[in-house]
Each structure stands twice: as structure tokens, then as C-alpha cells.
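In: got a predicted model here, sequence first, then my questions.
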Amino acid sequence: ALTESERDIINLLAVSGRELEVDVILDVLSKDDDVFLDRLDRLVSTGVLVERRAGLELLYDVVHRKMGEVAALKLASRQRSEIHRRLAVAMELRNSSSPLSSQIIGEHFALAGETARACLFLAQAAHRYWARSLLEQAGNVAKQANALKKEALTVLPPHEGKRIHRELLLVDSDIALNRG
């Protein structure tokens, strides 16, 4: 039988939909390092989780994505939203400088129902993809941000709204120009 801490770990990884750094897991779950790491080790040794090293980072994920999907579906929507919000906040504090990080953070905020913060990060991600000449990714993320923009602009301070509008306009106009 799983402990409550082990269920929390599985639920977090299930909702995230991807592997997570151990530090992000610690931040989201606010757990004591030693006890928590023992729980992670137990889940790895029983074959529930997989552990992977990437440089100095230790990453964890559920062994079978379908198992994660089932675990996520068993949670109440309020619980899933709260996990998405906590994930976005933890990731925001750790690594929002790459376009992919900004996109993931924005998507978690969107799934948490925090439209304004989601739009900020998605617009930032679209602009960062655009700056790297990754126009297809920029266009896809810009569509996500544009879908949230109207609602976000009612909540955001004017200077943030203008920044979002400018970033998305640059991406959209460059994509239109390249299409001919």
C-alpha cells in the first residue's frame, strides 16, 4: 500500500505530464528532504517511478504514462488545478529563461485557471521562440496566448498588457510575412 506522501508524488508526476527535477518536486510538495527522498527511492525500487540523471539533475517520472493519466483523472478538478498552480510557481522560481520553460509554466498556469499569468508566460515563450527563429513553435504558442489575451488584459496592469500585445504582434506579423 502506498503512503500519503507516495500518492502525493505520483499525483504530482501524473498531473505534470512529464518528468520533473527532484528540486521542483520538493518545492511543490513542501516535503522534508530525507523522508521524501526515501519515498522516491521506494517508488523507484518498486517500479512505479523511473529515475534519470541529466548532468547534475535527478529527474523522476511515472514508469507508464497511462498509469499517470489514470491517477490524474482520479483527482478532483480542484486538486488538479492546485497542483498545476503549485507546479507553475515552483518552475517559475527555478527556470523560466528558455522558451520551453516559459511555455510549460504558462500551460500549467492556464490549467490552474490563472489566465493572466498563463498569458504572460505564453507570450514570453512565443517571443523567445521567435527570437530564435523557431517560427512554427512561436506560432503555436502565440495561438495559445492569443486565446487567453482578451481575458488576461482585463486583469493585468496596462504595461504588462502592452508588452503581451507587442510580443504577440511581432510573432504574428513575422509569421504572416514569411507565409507570403
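Out: Looks like it came in fine.

In: residues contacting stretch 137-155, please?
Out: Residues outside stretch 137-155 that contact it (CB atoms under 8 Å, 6 or more residues apart in numbering) are 99, 103, 106-107, 110, 115-116, 118-120, 122-123, 125-127, 129-130, 161, 164-165, 168, 171-172, 174-175. Bear in mind the C-beta positions are built from the backbone N, C-alpha and C, glycine included.

In: chain center to that stretch, what's the gap?
Out: 16 Å (CA atoms, centre = their mean, to the nearest Å).

In: list the buried residues of the lowest-mean-pLDDT helix or strand in the chain.
Out: Sorted by mean pLDDT, DSSP states H and E, the helices and strands of the chain end with helix 65-74, the least confident at a mean of 83. By neighbour count on 16 or more other CB atoms under 10 Å, the buried set for helix 65-74 is 68, 71, 72.

In: chain center to it, what's the gap?
Out: 17 Å.

In: and the next element down the chain from it?
Out: helix 77-94 (DSSP states H and E).

In: what average pLDDT does that following helix get?
Out: Averaging pLDDT along helix 77-94 yields 91.

In: what is it packed up against?
Out: The elements that helix 77-94 packs onto, with contact taken as 3 or more CB pairs under 8 Å, 6 or more residues apart in numbering; DSSP states H and E, are helix 4-16, helix 22-29, helix 99-111, helix 115-131.

In: could you redo the last one with a cut-off of 6 Å?
Out: Judged by 3 or more CB pairs under 6 Å, 6 or more residues apart in numbering; DSSP states H and E, the packing partners of helix 77-94 are helix 4-16, helix 22-29, helix 99-111.
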